[in-house]
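Asker: Sequence below, structure please.
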Amino acid sequence: MIEIHSHILPGIDDGARDVQEAAALLALLKKQGVSSVVLTPHFYPDRQLLKDFLEQREKAFLTLSNAVEASEDRGEISGIRLVLASETLISDILLAYDRLEALCISGTEYLLLELPYAREWSGSVFRLIDRLIAKFGFTPVIAHVERYEAVRHKPEKNLDELIDLGCLLQMNIAALVDQSTRRYAMKLVKKGYIDLIGSDCHNLTTRAPRYHEFFEVVEKNRLNGYLTQWEKASKRVLSDKLP
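Answerer: Next up, the predicted model:
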């Protein structure tokens, strides 16, 4: 299993507070069947320069990588593959940069993109996505599509438009695990809107990875065919990074 969306890098955003919590999250993911983890810390273009973000991310990555290497004799997190990426908030500021490949999933042309949490998405949101694709040539992976109020308000209109632009759509597994959101999430799944899934894990308590529960929901609701599709899609995204 590939974890496509996580906030495990220590001390860089609202995810893992320190290397101990980060290592514990990796150990939990490995126990739940995850072999590769895409590290997607938040990048807010209006709050931080790209250069500063990349330097901070590299420092956190080295700290975590050293912890993984030191744990090899324990076997708790040894062998897990770490892939650098970001969760980038959409902004017209991004157009001011010459290159954005450092924000993409390392070695690929896929960028995890976070959209506004407004009830309505104006045409300017879709035009900006189109301009970013035209300038930088990446494929946007829209983070946690089920969480946006605009999608809840007009799911078909907004999701169809994102798909028409060439975006992939990612759902958090908690949307299927939690009873309060399962019915809504199931509709999105069965209408074929979801390309990728991820835990979007941040910590060990309120936003922990829950793949064991997720697999139970998949089995109970006969979603195994979708799970196979999601696993194949995540492997395609990371095709250059996998053996």
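Asker: what about the lengthiest helix in the chain, average pLDDT?
Answerer: Secondary structure assigned by DSSP state H gives helix 50-70 as the longest helix of the chain. The average pLDDT for helix 50-70 rounds to 93.
Asker: same deal with stretch 18-35?
Answerer: 94.
Asker: Can you tell me what sits against that stretch?
Answerer: 1-3, 6, 8-11, 15-16, 37, 63-64, 67-68, 71, 76-77, 79-81, 199, 201, 203-204, 208-209, 211-212, 215 (C-beta atoms under 8 Å, 6 or more residues apart in numbering). The way it works is simple: take the backbone N, C-alpha and C, and place the C-beta from them, glycine included.
Asker: taking those residues one by one, which sit in helices?
Answerer: 63-64, 67-68, 211-212, 215.
Asker: Any chance of JSON lines for these, columns neighbour count and distance to Asp130?
Answerer: JSON lines is the format used below for those (neighbours: other C-beta atoms under 10 Å; distance: C-beta to C-beta, whole Å):
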{"residue": "Thr63", "neighbour count": "16", "distance to Asp130": "37"}
{"residue": "Leu64", "neighbour count": "25", "distance to Asp130": "35"}
{"residue": "Ala67", "neighbour count": "17", "distance to Asp130": "41"}
{"residue": "Val68", "neighbour count": "19", "distance to Asp130": "39"}
{"residue": "Tyr211", "neighbour count": "21", "distance to Asp130": "34"}
{"residue": "His212", "neighbour count": "12", "distance to Asp130": "39"}
{"residue": "Phe215", "neighbour count": "18", "distance to Asp130": "37"}
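Asker: from those, which is closest to Leu169?
Answerer: Tyr211 (19.4 Å; C-beta to C-beta).
Asker: Strands of the chain, start to end?
Answerer: Chain-ordered strands for the chain, with DSSP state E as the definition, fall at 2-3, 36-39, 42-43, 81-84, 87-89, 110-114, 139-142, 168-172, 196-198.
Asker: can you list these in CSV and add distance to Leu28 and mean neighbour count?
Answerer: Formatted as CSV, these follow (distance: least, C-beta to C-beta, whole Å; neighbours: other C-beta atoms under 10 Å):
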stretch, distance to Leu28, mean neighbour count
strand 2-3, 11, 26
strand 36-39, 11, 25
strand 42-43, 21, 22
strand 81-84, 15, 18
strand 87-89, 20, 23
strand 110-114, 21, 24
strand 139-142, 23, 24
strand 168-172, 16, 23
strand 196-198, 15, 26
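Asker: could the ones you listed go into TSV alongside distance to Leu25?
Answerer: Shown next, in TSV, are those (distance: least, C-beta to C-beta, whole Å):
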stretch	distance to Leu25
strand 2-3	10
strand 36-39	9
strand 42-43	16
strand 81-84	12
strand 87-89	16
strand 110-114	18
strand 139-142	21
strand 168-172	15
strand 196-198	13
